[in-house]
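Student: Got a sequence here, can you build the structure:
(one chain, ligands or ions: 1)
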Amino acid sequence: MSVPVIAIDGPSASGKGTVASRVAAALGFHYLESGALYRLVALAGGDAPERVAASMDVEFLNRKILLNKHDVTDYLRNEAIGDQASEIAKLPAVRAALLGRQRGFRQPPGLVADGRDMGTVVFPDAVLKVFLTASVATRAQRRHKQLNDKGKHATLAALSSALEERDKRDAARAVAPLKPAADAVSLDSSDLTVDEVVDQVLNKYRERMVR
Ligand code: C5P
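Tutor: Numbers count the residues shown, from 1 in each chain. Okay, here's the model as predicted:
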């Protein structure tokens with residue numbers, strides 16, 4: 001039997017990362033935050049992003065991400081890096097270079113992967129594909145709170161328009177656009193707590209496994 005994958009895709013700030021890492025912890029599975037790879041390529045810079053994507057030295061530790069042995073965890077979450085990542089993510093050569101790396105995370109006993117194309121391109125045979133959404137207002141508020149907690153400030157209006165712009169770019173690109181897989185389960189987290197979303201994903205996974 002192949003190693004089971006749970007794919008969680010969705011727009012920016014939909015809560016994918018929090019939900020995916022909690023589901024992974026509950027099941028004792030590995031966790032892949034694929035957006036971090038695109039962010040790392042953006043952070044590494046240089047004028048040949050596809051070469052960087054293929055050759056960068058990345059380590060995902062418990063709570064830290066190392067790029068070429070440097071702890072870059074705090075820089076990665078930057079909104080500007082997210083925007084650059086989304087520009088770089090349009091390039092087919094970058095996506096191709098990251099494909100093998102992403103699939104390499106599929107190790108026993110299982111993997112929970114979050115991103116934009118986990119269910120459509122990277123793990124099309126995932127046993128469960130969730131498309132996690134939330135209203136723009138909810139997502140902007142969550143981002144606002146995250147930034148505030150870190151002592152950074154941005155207005156809700158600016159955050160909403162930046163999120164919408166990034167989603168539009170991610171959904172409009174030619175290669176691996178942001179869209180639910182045909183066999184994905186859609187989940188709107190706007191009015192749910194993190195615990196409720198995690199429970200729903202775990203229940204759906206367990207339903208699939210007993211079939
Ligand atoms: O998920 P996160 O916001 O960290 O991703 C940053 C950017 O990386 C996204 O806006 C998207 O353009 C790109 N990305 C992608 N495919 C993925 C994950 C992220 O294109 N699987």
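
Student: give me phi/psi at residue 113?
Tutor: phi -120, psi 130 (degrees, to the nearest 10).

Student: Which phi and psi values does the residue most central in space within the chain adopt?
Tutor: Nearest to the mean C-alpha position of the chain, counting by Cα atoms, centre = their mean, stands residue 115 at 2.9 Å. Backbone geometry at residue 115, expressed as degrees, to the nearest 10, gives phi 170, psi -140.

Student: That one against residue 31, yeah?
Tutor: No: using Cβ atoms under 8 Å, residue 115 makes no contact with residue 31, being 11.7 Å away. Placement of C-beta: from N, CA and C, glycine included.

Student: quick one: contacts for residue 68?
Tutor: Contact analysis of residue 68 by Cβ atoms under 8 Å, 6 or more residues apart in numbering lists 44, 56, 57.

Student: make it 10 Å
Tutor: By Cβ atoms under 10 Å, 6 or more residues apart in numbering, the contact set of residue 68 is 40, 44, 55, 56, 57, 58, 59.

Student: likewise residue 107?
Tutor: Residue 107 is in contact with 3, 29, 30, counting by Cβ under 10 Å, 6+ apart.

Student: Restricted to buried residues, select the contacts of residue 68 in PyMOL.
Tutor: With 16 or more other Cβ atoms under 10 Å as the burial test, the buried ones among the contacts of residue 68 are selected in PyMOL as follows:
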select buried, resi 40+44+56
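
Student: Format the contacts of residue 68 as JSON lines; extra columns: distance to the ligand, secondary structure and pLDDT.
Tutor: Formatted as JSON lines, these follow (distance: Cβ to the nearest ligand atom, whole Å; DSSP: H, G, I helix; E, B strand; the rest coil; pLDDT from 0 to 100):
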{"residue": "40", "distance to the ligand": "10", "secondary structure": "helix", "pLDDT": "98"}
{"residue": "44", "distance to the ligand": "14", "secondary structure": "helix", "pLDDT": "96"}
{"residue": "55", "distance to the ligand": "19", "secondary structure": "helix", "pLDDT": "95"}
{"residue": "56", "distance to the ligand": "15", "secondary structure": "coil", "pLDDT": "96"}
{"residue": "57", "distance to the ligand": "19", "secondary structure": "coil", "pLDDT": "96"}
{"residue": "58", "distance to the ligand": "14", "secondary structure": "strand", "pLDDT": "96"}
{"residue": "59", "distance to the ligand": "17", "secondary structure": "strand", "pLDDT": "96"}
